[in-house]
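Q: Got a sequence here, can you model it:
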Amino acid sequence: TRQVLKDIHKIDKKILPILFANCLLKALEPFVLIFVSSKLVDSLIKGKSAKEIFTLALIGAAAYAIVYLLSSMSENYKMEITDYLNCKEKNLLIRGIFDLTFEDFTSKDYQKKISRHRQETEGMGGVYYEMVYQFCDFTSSIFTIIIGLISLGTFYPSLFKAVDIPVLGSAYFPLIVVAIFVLLALALVKIRKNVEEKNEIDRSLYADKYKIYDFYMRIFSDYDRLKQIKIYDEKDFIKGQLQENFVDQGLKHDKKINIRTGLSRGLNDLVLTGVDILFLLVLAVKAIGGLFGIEALLIYKGAFAEIVGGVKVLIETIGYQKAIDPKIDILYDVINLKATKEKTFADHQENSTDYLIDAKNLSLSYPDSKDLQLKNLNLQVEKGEKIAIVGANGSGKTTFINLLTGLYQPTAGDLYVNGSRPNL
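A: Now for the predicted structure:
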């Protein structure tokens, strides 16, 4: 996470400060309404003049309009910057891929990482895009909690004051409610993290099945291949493959993820709503006891409701970080992929041979394979000489041509074409 934020800051140093401002403004918006509404209700109850109430309403509306306008401007900037960061992320991926050799493209490790990245970012803007919204949700929730706690400032002295109501009026009851709130919030964070850890296992299994779906979707987008499918009547076979591997098995893992996430969020809502109701009881008891008036009651209730909402978002973002971390790892795995053989001056050094093609003990095995596709091939072709390369399927004809063009690099031995080692 820190690495992503550092990279975003390097791209444009204005991004994070503006996002911070956006988070603060979003957190302030509801509190402006809470304070203005409580003042208006208090003025009405006290029977103040229409002029005073109208003036207060105008001041409140102006304050809210300013905060809302600034918040909307920064929100639009956030939407623009996420598109910009999405392009930057794709550029980083392309630059990293261009540095690889053809051998690297065909390796199982590369194919697995690229497929997982494509599956994780399908239908969204990418890792940078998601990280911006995750960062904003987390920061906004922190600001909301802080502003809410400040708004409750005048309420804290009444926490330790008892009123003449059994149990609920005890000086210790509010402290018990606060302790329950804190303990339940910590428990919900742990539950959410555990849910995302299990979800990540199912996401990995789903990604393996998704590769089959992705493979056939690519085939369907090619006219010639689609024509062959119709000619050879392979529809039933493909439908069976998709049904068995993607629909029956793959979507089963996706369903588990959705069920776990839904139950976790529902539990959060249920528990935190219960705490909110308990706090409302505390406020009602204190107000009946004459410790504060209607204006303070509305402020305290609104502030605590916002704190509960902030905690709810905070639990979600902390838990969801478990889902984002693997996506970040996958992104940097792809960006940091290195060619299996770096190009050096020795790759292009001249060979003192008069042959057009000179292969000496040439061997090659594909990545992730222990079998040699070519083994100790020795071949010399004179300049001007015409030859034909023939052999059974799988005998290595195409592999040898790929070596000649530099698409593959030999595992062992030497190969010179026109006096130089072939390398793209």
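Q: Alpha carbons only: can I get the helix or strand hosting Leu415 in PDB?
A: Using DSSP states H and E, the element containing Leu415 is strand 412-417. Extracted in PDB, the C-alpha atoms of strand 412-417 (Å, rounded to 0.1, in the frame of the first residue of the first chain):
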ATOM      1  CA  ALA A 412      22.700 -24.600 -24.000                       C
ATOM      2  CA  GLY A 413      25.100 -24.600 -27.000                       C
ATOM      3  CA  ASP A 414      25.900 -21.800 -29.500                       C
ATOM      4  CA  LEU A 415      24.000 -20.500 -32.500                       C
ATOM      5  CA  TYR A 416      25.200 -17.900 -35.100                       C
ATOM      6  CA  VAL A 417      23.300 -16.500 -38.000                       C
END
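Q: And the average pLDDT for that strand is what?
A: Per-residue pLDDT over strand 412-417 has a mean of 87.
Q: mind listing what's buried in that strand?
A: The neighbour-count check on strand 412-417 (16 or more other C-beta atoms under 10 Å) flags 413, 415-417 as buried. The way it works is simple: take the backbone N, C-alpha and C, and place the C-beta from them, glycine included.
Q: Turn those into a markdown table, columns for distance to Lys209.
A: Below are the buried residues of strand 412-417 laid out as a markdown table (distance: C-beta to C-beta, whole Å):
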| residue | distance to Lys209 |
| --- | --- |
| Gly413 | 40 |
| Leu415 | 40 |
| Tyr416 | 45 |
| Val417 | 43 |
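Q: how about the helices in the protein?
A: 2-11, 15-45, 50-98, 102-106, 108-121, 127-151, 156-159, 173-220, 223-231, 235-241, 251-288, 294-335, 397-405 (DSSP state H).
Q: List just the one of those helices that sits closest to Asn361.
A: Closest to Asn361 of the helices of the chain is helix 397-405 (C-beta to C-beta; 13.1 Å).
Q: That closest one packs against which elements?
A: strand 355-364, strand 374-382, strand 412-417 (3 or more C-beta pairs under 8 Å, 6 or more residues apart in numbering; DSSP states H and E).
Q: Next, the buried residues of that helix.
A: 399-400, 402-403.
Q: Closest to Leu297 out of the residues you listed?
A: Checking the buried residues of helix 397-405 one by one against Leu297 (C-beta to C-beta), the nearest turns out to be Asn402, at 78.0 Å.
Q: Which residue lies closest in space to that closest one, excluding its sequence neighbours?
A: Tyr408 (4.4 Å; C-beta to C-beta, 6 or more residues apart in numbering).
Q: same thing with Asp42?
A: Here the residue nearest Asp42, using C-beta to C-beta, 6+ apart, is Glu295, at 3.7 Å.
Q: from what I can see the one you found touches Val36, true?
A: No: Glu295 is beyond contact range of Val36, at 11.2 Å (criterion: C-beta atoms under 8 Å).
Q: overlap in contacts of those two?
A: Here Glu295 and Val36 have no joint contacts, going by C-beta atoms under 8 Å, 6 or more residues apart in numbering.
Q: got the angle between the strand holding Leu415 and strand 355-364?
A: Relative orientation of strand 412-417 and strand 355-364, computed by axes from the mean of the first three to the mean of the last three C-alpha atoms, to 10 degrees: 150 degrees.
Q: returning to that earlier point: just put the buried residues of helix 397-405 in JSON lines and tack on distance to Arg203 and pLDDT.
A: Output for those, formatted as JSON lines (distance: C-beta to C-beta, whole Å; pLDDT from 0 to 100):
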{"residue": "Thr399", "distance to Arg203": "36", "pLDDT": "84"}
{"residue": "Phe400", "distance to Arg203": "41", "pLDDT": "85"}
{"residue": "Asn402", "distance to Arg203": "35", "pLDDT": "83"}
{"residue": "Leu403", "distance to Arg203": "38", "pLDDT": "85"}
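Q: between these, which is closest to Tyr300?
A: Nearest member of these to Tyr300, counting by C-beta to C-beta, is Asn402, at 73.5 Å.
Q: In this structure the closest one contacts Gln409, no?
A: No: between Asn402 and Gln409 there is no contact under C-beta under 8 Å: 9.7 Å.
Q: residue contacts, the nearest residue in space to Leu281 that is not next to it in sequence?
A: Leaving aside its chain neighbours, Leu281 sits nearest to Leu168 (6.1 Å; criterion: C-beta to C-beta, 6+ apart). Counting by C-beta under 8 Å, 6+ apart, Leu168 makes contact with 281-282, 285.
Q: which one of those has the most neighbours?
A: Val282 (22 neighbours; other C-beta atoms under 10 Å).
Q: what about it, distance to Phe31?
A: Shown here: Val282 relative to Phe31, a distance of 20 Å by C-beta to C-beta, to the nearest Å.
Q: same thing with Leu40?
A: The value you get for Leu40 to Phe31, if C-beta to C-beta is used, is 15 Å.
Q: ok, now Ile328?
A: According to C-beta to C-beta, Ile328 and Phe31 sit 33 Å apart.
Q: low pLDDT regions in the stretch 301-424 of the chain?
A: Within the stretch 301-424 of the chain, the stretches with pLDDT under 70 are 337-353, 367-368, 423-424.
Q: Report the helix or strand with the lowest average pLDDT across this structure.
A: helix 223-231 (a mean of 59; mean pLDDT, DSSP states H and E).
Q: which one of the helices and strands packed on helix 397-405 lies closest to Lys161?
A: Closest among the helices and strands packed on helix 397-405, using C-beta to C-beta: strand 355-364, at 83.6 Å.
Q: rewinding a little: averaging pLDDT over each of the helices of the chain, which comes out lowest?
A: Among the helices of the chain, helix 223-231 carries the lowest mean pLDDT (a mean of 59).
Q: Nearest to Ala359 among the helices of the chain would be which one?
A: helix 397-405 (8.2 Å).
Q: what's that closest one in contact with?
A: By C-beta under 8 Å, 6+ apart, helix 397-405 touches 102, 357, 362, 364, 373-374, 377, 389-391, 408-410, 415, 417, 422, 424.
Q: run the last query once more with 10 Å
A: The contact list for helix 397-405 (C-beta atoms under 10 Å, 6 or more residues apart in numbering) reads 102-103, 106, 357, 359, 362, 364-366, 373-374, 377, 379, 389-391, 396, 407-410, 413, 415, 417, 422-424.
Q: list the buried ones in stretch 362-377?
A: 362, 364-366, 373-374, 377.
Q: wait, stretch 253-270
A: 253-254, 256-257, 260-261, 264-265, 268.
Q: next one: stretch 160-180
A: 163, 168-169, 173-174, 177.
Q: Equivalent analysis for stretch 3-17, please.
A: 4-5, 7-8, 15-16.
Q: Stretch 25-39 now?
A: Buried-residue list, stretch 25-39, by 16+ other C-beta under 10 Å: 25-36, 38-39.
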